[in-house]
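Student: here is a sequence together with a model predicted from it:
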Amino acid sequence: MKKTSSPTRRDLLASAAVVTAATIADTPPAAAQGTPKPIFPVPMITIPIVGETSVFQVRRIYCIGRNYAAHAIERGSDPNREPPFFFQKPTDAIQNVAIGEIADHPYPSLTKNYHHEVELVAALKSGGIDIPAEKALDHVYGYALGLDMTRRDLQNGMAAEKKPWEIGKSFDHAAVIGPIHPASKTGHFEKGAISLAINGTVKQSSDLSKMIWSVAEQIAKLSEAFELKAGDIIYSGTPENVGPVVKGDVLLCKLEGLPDMSIKIV
């Protein structure tokens with residue numbers, strides 16, 4: 001009987017190379033395998049639009065700080081010298097409030113000084129970089145009434161330590177908002193009474209005309225730092241007399257030209 005020789009290491013490597021090459025050749029490209037799927041679903045954040053079955057998908061939430069002179073003063077700032085500054089909230093901080101309802105709003109953790117801030121919100125349908133102020137309102141799809149809720153003790157504490165105060169502004173349910181009203185139906189808001197009452201007592205009361213930076217100017221300034229896009233919303237600042245809320249309080253927000261918005265702290 002003729003003795004069969006064992007394959008050498010060179011033979012084994014050559015065979016492996018042939019098999020690998022064949023496998024690669026038989027594997028379809030990534031595109032042919034279908035679109036990659038996420039390992040778990042993440043909800044899309046949307047805001048209802050009045051009179052439409054479609055919804056407004058939120059991309060980013062921008063907020064301007066200290067945009068009414070009296071509020072800037074009560075926060076220890078000089079409105080005559082301060083340029084505009086902005087911060088962001090996560091999109092899933094959105095809490096939608098329907099017209100005519102009093103929505104339950106949970107008192108958040110970690111705070112003992114929870115504040116209300118009523119604001120006009122602008123929703124963008126397009127964007128860009130370095131948008132001129134005179135063209136800025138062309139990018140606005142519509143407007144809504146909003147509340148920038150704030151854990152004031154956490155914000156102040158972090159600021160005193162010269163640390164980012166995101167924890168005071170960016171948390172669950174921190175961006176309360178009513179439905180969006182298309183600007184094609186409401187026009188643009190450059191003036192109009194804005195107020196907030198707690199249990200029937202007015203706490204904040206002012207006019208949009210008292211904003212230091214108009215919505216158009218806010219869009220222009222933001223676009224110097226970020227590329228704005230469709231789906232961005234901008235909380236345009238709150239008047240003076242922000243203050244604390246406690247469980248059981250009912251907040252009623254009003255803005256001339258839009259329906260009221262109301263929440264109950266639970």
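Tutor: Yep, it's here.
Student: so which residues of this protein form helices?
Tutor: Along the chain, the segments classed as helices by DSSP state H run 9-26, 69-74, 133-136, 152-160, 166-169, 183-186, 215-225.
Student: next, the buried residues of the fifth one.
Tutor: Going back to what we said before, that points to helix 166-169. 168-169 (16 or more other C-beta atoms under 10 Å). Using the backbone N, CA and C atoms, a C-beta is placed for each residue, glycine as well.
Student: what of the third one?
Tutor: Residues of helix 133-136 classed as buried: 133, 136 (neighbour count, 16+ other C-beta under 10 Å).
Student: swap in stretch 240-256?
Tutor: With the criterion 16+ other C-beta under 10 Å, stretch 240-256 contains buried residues 240-242, 244-245, 249, 251-255.
Student: just to revisit the earlier point, weakest of the helices of the chain by average pLDDT?
Tutor: When the helices of the chain are compared by mean pLDDT, helix 9-26 comes last with a mean of 49.
Student: okay, now the unreliable bits of this structure?
Tutor: The chain contains residues with pLDDT under 70 at 1-32, 78-79, 81.
Student: number of nearby residues for the nearest residue to residue 60 once chain neighbours are set aside?
Tutor: Distance criterion C-beta to C-beta, 6 or more residues apart in numbering; nearest residue to residue 60, sequence neighbours excluded, is residue 232 at 4.8 Å. Other residues within reach of residue 232, judged by other C-beta atoms under 10 Å, total 23.
Student: my guess is residue 232 contacts residue 57, does it?
Tutor: No - between residue 232 and residue 57 there is no contact under C-beta atoms under 8 Å: 10.6 Å.
Student: next, format the buried residues of stretch 240-256 as JSON lines and append distance to residue 197.
Tutor: Listed next are these as JSON lines, based on distance: C-beta to C-beta, whole Å:
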{"residue": "240", "distance to residue 197": "15"}
{"residue": "241", "distance to residue 197": "11"}
{"residue": "242", "distance to residue 197": "13"}
{"residue": "244", "distance to residue 197": "14"}
{"residue": "245", "distance to residue 197": "12"}
{"residue": "249", "distance to residue 197": "10"}
{"residue": "251", "distance to residue 197": "7"}
{"residue": "252", "distance to residue 197": "5"}
{"residue": "253", "distance to residue 197": "8"}
{"residue": "254", "distance to residue 197": "8"}
{"residue": "255", "distance to residue 197": "13"}
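Student: how about stretch 114-128: buried residues?
Tutor: 114-125, 127.
Student: which one among those residues gets closest to residue 207?
Tutor: Nearest to residue 207 among the buried residues of stretch 114-128, counting by C-beta to C-beta, is residue 120 at 10.9 Å.
Student: run a quick neighbour tally on the closest residue to the closest one other than its chain neighbours.
Tutor: Closest residue to residue 120 apart from its sequence neighbours, by C-beta to C-beta, 6+ apart: residue 236 at 4.8 Å. The number of residues packed around residue 236, counting by other C-beta under 10 Å, is 26.
Student: try residue 147
Tutor: By other C-beta under 10 Å, neighbour count at residue 147 equals 27.
Student: next: residue 192.
Tutor: Residues lying near residue 192 (other C-beta under 10 Å) number 14.
Student: pretty sure it sits against residue 208.
Tutor: Yes - in this structure residue 192 lies within contact range of residue 208 using C-beta under 8 Å: 5.0 Å.
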